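In: sequence plus the predicted model coming up.
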Amino acid sequence: MNNLKRLTSLLLALVLIFGLSINALANAHSGITLLLNGRKISLDEAFLNEENQVMVPLRMIGEELGYEVIWNEDWSVTLSRENNAIHLKIGESKVLINGEELKLEFPPLLKEAKTYVPVEFFNRSMGLVAGWNGKHQILKLSQWKDNEEYFFTMDEENKDKQDELVKYMESLQKYHNFNGSLLVAKNGKILLNEGYGFADKEQKIKNTSQTTFAIGSITKQFTAMAVMQLAEKGLLNVEDKLSKYLPDFPNGDLITIHNLLTHTSGLVSYTNLNEFLKMDISNRSPEAVIDLIKDLPLNFEPGKMFEYSNTNYVLLGMIVEKVSNIPLEKYLDGNIFKPLNMESTGMYSIDKYHIQDATPYVGFLELHPVDDELVLTQAFGAGNMYSTVEDLYRWDRALKTEKLISKETLNKIFEKYISIDETNYYGYGWMITEEVNSESKAHHGGNTFGFTANIARYPESDLTIIALSNMGSYDLISLTEDLRAIVLDKEYKMPEILEKIEIDDLSLYDDYTGRYELANGIYINISRVDDKLFAQVTGQDAFQLLPLSESRFFAQEVDIRIEFIKDEEGNVRKLTLKQLGMTHECKKIGDIEEQKEVELDPEIYNDYVGKYELAPGIIITITTEESRLYAQLTGQNKFEIFPSSQDEFFYKVVEAQIHFQRDEKGTVTHLILYQGGQEIPSVKLNE
């Protein structure tokens, strides 16, 4: 992907305030559903305690897993199976596992003569892979799967490399809050295969190497493979016109399957449209997203250039279904997943309980859960799969064989069909990179609101790096390059320690305020509010900058570094922005145009105080303190808003306005939030 496009498309994809439709994890169903090793079990007796921890009856699940469960007179419980013994006591966080002590965050409790334990117990004490979907009240517990394939053998001859990789990843988790799973393999042997951080922070569920994550656009590799399998069987041809399969599709006579595979169709990507964010997730038909774009003009003549579009792979998924006469999910399962023993991989479907384990989050050093269901229900062949690092490694190994398709057809997948930029090309569902004095790389990333994925294959050295994270827009690209450098004895840097320092002279912040140009039509506004410095990118939320030095800053919300550069006369003329392994210079173009603040009687602020619902579970709270008015969105910082007239207010840290609306009696009943060209109405809640 073009570096500038990649920067501006991923930069500060915070999914925080104004812009992305976040359905909070609040549509709780009555009753908790348990998926134990994939089998649905009703858990009517499970409940959420005061700390919102899922508390589960121990005996039922223990016996389901083959444990003998014994209640002791001292209010303790012993679970035993073969050579394993677990001992716990009501009200105590300490658990003994074969004599070794483990401390839980929340202790077991007794309720109506039954022992209840938190999900954390099954995850950490019994070694189960666990997942929790708070929105749909689904608990997943799975026993560990043995990896019997020869290529899961640990590389015992490279212990030093393993230790170096472990040290790097432990530092990354500690200082850069990495949550996810990682697998590094060379020459068909494992160097690192671990989970880091939390699959669910609130439930204290740990990530493992067998935790499932949404993998976003890595799905495209599998859709492309399905197309090429059908082509190899003579059931379609990549030069076929789209109109052959969708006769009524506009411009279908101009667009080929090859154009769809290589993102050279000229079709608008439906995920770039505001209408996509307003879609009804109950409508899971791929035709629903195609209807958003099919009547729009092409961006260019098909075949003339590259432009990444998720629409292409939704259409390819539809073509696979038409040609094979079975649903895409069933085709992939029968022709790719099952043959490769990818038991933990599938296409998202809440109706069938086909869901990932990990909870999606946004942020960086501070995380907030986000609802990813819109993407996962509407991405289809473009990005609605979930998987594990281990299953994706099975996929990687299969691509070195003819298990799925012939070598001749496989070579077509990795051919460099179209240039993306100076060093990157696109094949069929894969990006191919050829850099000067460096080996080639076949790779692809995947991004949803709350997940980031990356798979990179270096064929010359037979090195594979797979990284999955339940953090939206996490910098897996730089991570992958650092891990490659470690394995291949190249130069790299350990993750930077991010610690805020104290600034003695806060007046220097005034030198930094202003508007800086990031790209054509995209700006970074730097503003000071009291003793804090804030940055805000066009169309995004403001976030606080924390000082690493007097001129260099980082953020809690996103992995970014900003440094202010002075000229010879000591004036700030530009800033440098570092993210995703890239550095971009932003020239200062002037001061921020401030709206004029008017004076109002602070007594009127009481009319506005209250909670307003922007979306289910997303509340904007208006409060007044010391004759000032503040607005705070669910999970966000509180910011002061300033009057431009009675009932109309504006932010100083972000380009946004709030307009309060009154009924015929003069009572404030609504507000409208204006930002990024959007109008978001909300109703005042009765308290």
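Out: Great, that's in hand. Residues are numbered from 1 along each chain as shown.
In: thought Gly427 was touching Ile413?
Out: Yes - the criterion here is CB atoms under 8 Å, and Gly427 meets it with Ile413 at 5.7 Å. C-beta: built from backbone N, CA, C; applies to glycine.
In: mind listing the strands in the stretch 451-600 of the chain by residue range?
Out: 452-458, 463-469, 514-519, 522-529, 532-537, 542-547, 552-554, 561-566, 572-579, 582-590 (DSSP state E, counting those that start in this stretch).
In: give me the number of residues near the spatially closest residue to Leu110 that is not a sequence neighbour?
Out: Here the nearest residue to Leu110 in space, its sequence neighbours aside, is Ile90; by CB to CB, 6 or more residues apart in numbering that works out to 4.9 Å. Per other CB atoms under 10 Å, the neighbour tally for Ile90 reads 16.
In: mind giving me the packing neighbours of the helix or strand His258 falls within?
Out: Per DSSP states H and E, His258 falls inside helix 257-261. Here helix 257-261 touches helix 219-232, helix 310-324, going by 3 or more CB pairs under 8 Å, 6 or more residues apart in numbering; DSSP states H and E.
In: got those helices as TSV, with mean neighbour count and distance to Ser507 columns?
Out: Below are the helices and strands packed on helix 257-261 laid out as TSV (neighbours: other CB atoms under 10 Å; distance: least, CB to CB, whole Å):
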stretch	mean neighbour count	distance to Ser507
helix 219-232	24	51
helix 310-324	24	47
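In: kindly reformat the ones you listed as CSV containing distance to Asn341 and mean pLDDT.
Out: What follows is the helices and strands packed on helix 257-261, written out as CSV (distance: least, CB to CB, whole Å; pLDDT from 0 to 100):
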stretch, distance to Asn341, mean pLDDT
helix 219-232, 15, 98
helix 310-324, 22, 98
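In: and the strands in the stretch 201-350 of the chain?
Out: 205-206, 213-214, 346-347.
In: winner for burial among the ones you listed?
Out: strand 213-214 (a mean of 30; mean count of other CB atoms under 10 Å).
In: give me the contacts around it.
Out: Applying CB atoms under 8 Å, 6 or more residues apart in numbering, the external contacts of strand 213-214 come out as 180-181, 348, 356-358, 360, 372, 375-376, 384-388, 446, 448, 450-451, 453, 468-470.
In: repeat that for stretch 544-556.
Out: So stretch 544-556 is in contact with 363-366, 498-501, 503, 508, 526, 532-535, 543, 557, 560-566, 637, going by CB under 8 Å, 6+ apart.
In: and those residues, which are buried?
Out: 363-364, 498, 526, 533-535, 543, 557, 560-562, 564, 637 (16 or more other CB atoms under 10 Å).
In: just flag the most distant two among those.
Out: Spanning the widest gap among the buried ones among the contacts of stretch 544-556 are Gly363 and Phe564, at 23.9 Å by CB to CB.
In: if we can go back for a sec, quick one: closest of the strands of the stretch 201-350 of the chain to Leu614.
Out: The nearest among the strands of the stretch 201-350 of the chain, by CB to CB, is strand 213-214 at 24.4 Å.
In: contacting residues for the residue nearest to Asp357 when sequence neighbours are not counted?
Out: Closest residue to Asp357 apart from its sequence neighbours, by CB to CB, 6+ apart: Gly131 at 2.9 Å. When contacts are counted by CB under 8 Å, 6+ apart, Gly131 is found next to 138-140, 199-200, 205, 211-212, 355-359.
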